[in-house]
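K.L.:
Sequence below, structure please.
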Amino acid sequence: MTQSLPHTAESLAEDLRELGVRAGDVLLLHSSARSVGYVAGGPQSIVQAILDVLGPGGTLVVPTHTPDNSDPGGWSNPPVPGSWQPVIRDHHPGFDPARTPSRWMGVLPETVRTWPGSLRSTHPHVSFAALGPHAAEITNGHDLADGFGEASPLGAVYRADGKVLLLGCGFDRNTSLHLAEARQDQPPQIKFGASVRGDDGNGHWITWTGTDTDTSDFTTLGAAYEATGEPSTGSIGSAPAVLMFQRGLVDFATDWMRANR
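P.N.:
Sure thing, here's the model as predicted:
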């Protein structure tokens, strides 16, 4: 029985080009590194492959969210005792773009976040990190109350006519669909809370009101968008992959939500 060779940065780069990733692209990546299979060099090689294809004029963007930095009063998986909640709020070190790791985003976003030259937005819940010449314009000015809207990195990727790559994951992980939510007429608003690291080095609890999000129909929406034939599908290493222009996706999703929600 012949065993296939490990994937490499070079072989993954070939796969990316075949899928449609091009030099100079602004590329928003959602990923499951494990699904890519064995790669010589691991996550570092996967990120390097993407950067090699994008070239010096391209920009890689990843979600570096920190959903654990939230009001413990709303936690349900698992919940925490009421007596714990003020302790958690008062003793959280506070979000710091340079210090705070992302949570539940996967190893590739963390690899990008810590890559030399990476920039990160300052939102304490839904930050994004970026590498490349457009990194500053994508990560700067991330509005607290507009986490996924026009004044967010998602809005910046839209204005840059960027692409979205789903690498080994589905549309339920496609944060660009939240931009379509923010574009709905009078989207529902809820109160959020998080700890932010101040100039004194301590965490300070802040609250704000922003758009509520709902991913429950993202898989159905994604299937409808794939049926249009617009996305490009293939494989990167051993992982299924879907590549799409973000503008086409968001414009489709905005209309779809108005008709179906």
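
K.L.:
all contacts plus neighbour counts: C-alpha atoms, from now on.
P.N.:
Fine.

K.L.:
which ones are touching the closest residue to A241 other than its chain neighbours?
P.N.:
Closest residue to A241 in three dimensions, ignoring its sequence neighbours and counting by C-alpha to C-alpha, 6 or more residues apart in numbering: L167, at 4.7 Å. By C-alpha atoms under 8 Å, 6 or more residues apart in numbering, the contact list for L167 reads 29-33, 36, 236, 239-242.

K.L.:
buried stuff in stretch 41-54?
P.N.:
Neighbour counts over stretch 41-54 (16 or more other C-alpha atoms under 10 Å) mark 42-51, 53-54 as buried.

K.L.:
possible to save these as a markdown table with secondary structure, distance to V112 and pLDDT?
P.N.:
Shown next, in a markdown table, are the buried residues of stretch 41-54 (DSSP: H, G, I helix; E, B strand; the rest coil; distance: C-alpha to C-alpha, whole Å; pLDDT from 0 to 100):
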| residue | secondary structure | distance to V112 | pLDDT |
| --- | --- | --- | --- |
| G42 | helix | 13 | 97 |
| P43 | helix | 10 | 98 |
| Q44 | helix | 9 | 98 |
| S45 | helix | 11 | 98 |
| I46 | helix | 10 | 98 |
| V47 | helix | 7 | 98 |
| Q48 | helix | 10 | 98 |
| A49 | helix | 12 | 98 |
| I50 | helix | 11 | 98 |
| L51 | helix | 10 | 98 |
| V53 | helix | 15 | 98 |
| L54 | helix | 14 | 98 |
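
K.L.:
Would you mind putting those into TSV with distance to P153 alongside?
P.N.:
Below are these laid out as TSV (distance: C-alpha to C-alpha, whole Å):
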residue	distance to P153
G42	27
P43	23
Q44	24
S45	25
I46	23
V47	20
Q48	22
A49	23
I50	19
L51	19
V53	22
L54	19
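
K.L.:
and those, which two are the farthest apart?
P.N.:
With C-alpha to C-alpha as the measure, no two of the buried residues of stretch 41-54 lie farther apart than G42 and L54, at 19.0 Å.

K.L.:
hang on, the earlier thing: ramachandran coordinates for the residue nearest to A241?
P.N.:
With angles defined as degrees, to the nearest 10, L167 sits at phi -110, psi 100.

K.L.:
does it have beta-bridge partners, and which?
P.N.:
Counting by DSSP bridges, L167 is bridged to S31, A241.

K.L.:
quick one: the helices in the stretch 51-200 of the chain?
P.N.:
For the stretch 51-200 of the chain, the helices defined by DSSP state H, counting those that start in this stretch cover 85-91, 107-113, 135-139, 153-159, 176-182.

K.L.:
which one of those helices lies closest to Q246?
P.N.:
helix 153-159 (6.1 Å).

K.L.:
Give me the packing partners of the closest one, helices and strands only.
P.N.:
Under the contact criterion of 3 or more C-alpha pairs under 8 Å, 6 or more residues apart in numbering; DSSP states H and E, helix 153-159 touches helix 135-139, helix 176-182, helix 246-260.

K.L.:
how far does stretch 143-162 sit from the chain's center?
P.N.:
From the chain centre to the centre of stretch 143-162 is a distance of 12 Å (C-alpha atoms, centre = their mean, to the nearest Å).

K.L.:
What are the contacting residues of that stretch?
P.N.:
25-28, 121, 123, 126, 128, 137-142, 163, 175-176, 178-179, 182-183, 208-211, 245-247.
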